[in-house]
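K.L.:
my questions are about this predicted structure, shown below with the sequence.
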Amino acid sequence: MKIIAFVGLPLSGKSTASSVAREMGIPVVVMGDVVREEVEKRGLPLTDENAGKVANELRKMEGMDAIAKRCIKRIREKNADVIVVDGIRGLAEVDRFKKTFGDDFVLVAIECPLELRFERLKNRQRDDDLSIRTVEDLKRRDEREIAWGMLDAMNKANLTVENTSDLDDFKEKIREILRAFTKGVEAEVEVKVNPTEDIEKVKKAVENLFPGIELKYSKERSTLRGKTDNLEKFRELLRMQRILDTARTELRKGWKGNESTVFINKQAATVSRINFAEENTVLSPIVVTFRAYGVSFEKFIDWLTPETRNGKPIKEVNLWEE
């Protein structure tokens, strides 16, 4: 079991990092939930003042690692290979987790300037944020957490991430960190929507190959983009259409490192067919970049497009079998 914990001052991006983990199917234990549940248990309104008061009382009665100790059971109950912990507040918590999980505990610090964190407060709607109305309010909250040993904990981090650019860039930084500890596959899809095309029809064409993919439209670039880890339909279509050899050739042609990019005919996809195309085709293809983590890309190719005899797979590969 690998424990990836995020530490950072309030509003630095810990919750966003945790949301990325959830999107990747990684279970998350939120340390702040322990405090919020205790506040509710005592029948108090969930405010920043009450949360801070209860957190201080728990640490005073049970030690500075009180909340970490309460989280250990929750972590073990997840029973997963990789678990994310959101909300380290001090060095005593780091020490408790290291003592419990040893080298399987990895601490990631998230850094973000005060002014930018305050600006982001406007986009977050959480009850215990309501008392923070000015930069001075946020400074006081920082000081409370620094008193718990926050900066000492951040200085002990194995990795540090700066959250000073846009949201998509920060999320990708977090994905890269989490991928280093997880096994998985994904397809990143990008497709241009031409002026004569209907966005919904293009979206449906992509969904025919990758059901459940969440696509976002960029008006500026006239493109749909999205990622998915569900490759089963695509894999099934390759077998149904008996085009494994062609697909294998295309994957190898675009293979670089742990990924490969292929181009798929948009019109064929509208009827759930996979026809490989050239990058500069007139109506623009569906651009699909496949990636594999925690497994060699050679094995990924064998899993997605095994060698065949008379159009049928010679041997199906279990991607995660050692």
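P.N.:
All right, it came through fine. Numbers count the residues shown, from 1 in each chain.
K.L.:
report all helices and strands that the helix or strand encompassing residue 57 contacts.
P.N.:
Using DSSP states H and E, residue 57 sits within helix 48-62. Applying 3 or more Cβ pairs under 8 Å, 6 or more residues apart in numbering; DSSP states H and E, we find helix 48-62 packed against helix 31-41, helix 66-78, helix 135-147. (Glycine included, C-beta is placed from N, CA and C.)
K.L.:
pull out the buried positions in it.
P.N.:
48, 50, 51, 52, 54, 55, 58, 59 (16 or more other Cβ atoms under 10 Å).
K.L.:
on that earlier part again, of the helices and strands packed on helix 48-62, which is nearest residue 216?
P.N.:
Proximity to residue 216, assessed across these by Cβ to Cβ, is greatest for helix 31-41 (28.9 Å).
K.L.:
any idea how many residues pack against the closest residue to residue 84 other than its chain neighbours?
P.N.:
Among residues not flanking residue 84 along the chain, residue 21 sits closest, at 4.1 Å (Cβ to Cβ, 6 or more residues apart in numbering). Using other Cβ atoms under 10 Å, residue 21 has 23 other residues around it.
K.L.:
again, but for residue 142
P.N.:
So residue 142, with other Cβ under 10 Å, has 17 neighbours.
K.L.:
for it, give its distance to residue 315.
P.N.:
Applying Cβ to Cβ, to the nearest Å, the value for residue 142 to residue 315 is 58 Å.
K.L.:
again with residue 246
P.N.:
Going from residue 246 to residue 315 by Cβ to Cβ gives 19 Å.
K.L.:
by contact count, what packs against the helix or strand where the residue nearest to residue 84 lies?
P.N.:
Assigned by DSSP H and E, residue 21 belongs to helix 14-23. Helices and strands touching helix 14-23, by 3+ Cβ pairs under 8 Å, 6+ apart, are strand 2-7, strand 28-30, strand 82-88, strand 105-111, helix 167-179.
K.L.:
now tabulate those in CSV and tack on distance to residue 264, mean neighbour count and mean pLDDT.
P.N.:
Listed next are the helices and strands packed on helix 14-23 as CSV, based on distance: least, Cβ to Cβ, whole Å; neighbours: other Cβ atoms under 10 Å; pLDDT from 0 to 100:
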stretch, distance to residue 264, mean neighbour count, mean pLDDT
strand 2-7, 34, 25, 94
strand 28-30, 34, 20, 93
strand 82-88, 32, 25, 92
strand 105-111, 36, 21, 96
helix 167-179, 23, 17, 90
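K.L.:
distance to residue 307 added to these, as JSON lines?
P.N.:
Formatted as JSON lines, these follow (distance: least, Cβ to Cβ, whole Å):
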{"stretch": "strand 2-7", "distance to residue 307": "34"}
{"stretch": "strand 28-30", "distance to residue 307": "40"}
{"stretch": "strand 82-88", "distance to residue 307": "32"}
{"stretch": "strand 105-111", "distance to residue 307": "38"}
{"stretch": "helix 167-179", "distance to residue 307": "28"}
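K.L.:
among those, which is nearest residue 40?
P.N.:
The nearest among the helices and strands packed on helix 14-23, by Cβ to Cβ, is strand 28-30 at 14.3 Å.
K.L.:
outline the domain layout of the chain.
P.N.:
Per the record, the chain has its domains at 2-179, 184-313, by automatic domain parsing.
K.L.:
which outside residues touch stretch 71-86?
P.N.:
By Cβ atoms under 8 Å, 6 or more residues apart in numbering, the residues outside stretch 71-86 that reach it are 1-6, 14-15, 17-18, 21, 26-32, 34, 96-97, 100, 178, 181-183.
K.L.:
can we see that at 6 Å?
P.N.:
2-6, 14, 18, 21, 26-31, 100, 181-182 (Cβ atoms under 6 Å, 6 or more residues apart in numbering).
K.L.:
just to revisit the earlier point, by how many degrees do the helix holding residue 57 and helix 66-78 diverge?
P.N.:
90 degrees (axes from the mean of the first three to the mean of the last three Cα atoms, to 10 degrees).
K.L.:
and helix 48-62, C-alpha only, in CSV?
P.N.:
Written as CSV, here are the backbone C-alpha positions of helix 48-62 (Å, rounded to 0.1, in the frame of the first residue of the first chain):
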residue,chain,number,x,y,z
ASP,A,48,-13.7,28.1,10.3
GLU,A,49,-13.6,29.3,13.9
ASN,A,50,-15.3,26.2,15.3
ALA,A,51,-13.2,23.9,13.1
GLY,A,52,-10.0,25.6,14.3
LYS,A,53,-11.1,25.4,17.9
VAL,A,54,-12.0,21.7,17.7
ALA,A,55,-8.8,20.8,15.9
ASN,A,56,-6.8,22.6,18.6
GLU,A,57,-8.7,20.7,21.3
LEU,A,58,-8.1,17.3,19.7
ARG,A,59,-4.4,18.0,19.4
LYS,A,60,-4.2,19.3,23.0
MET,A,61,-6.0,16.2,24.4
GLU,A,62,-4.6,13.5,22.1
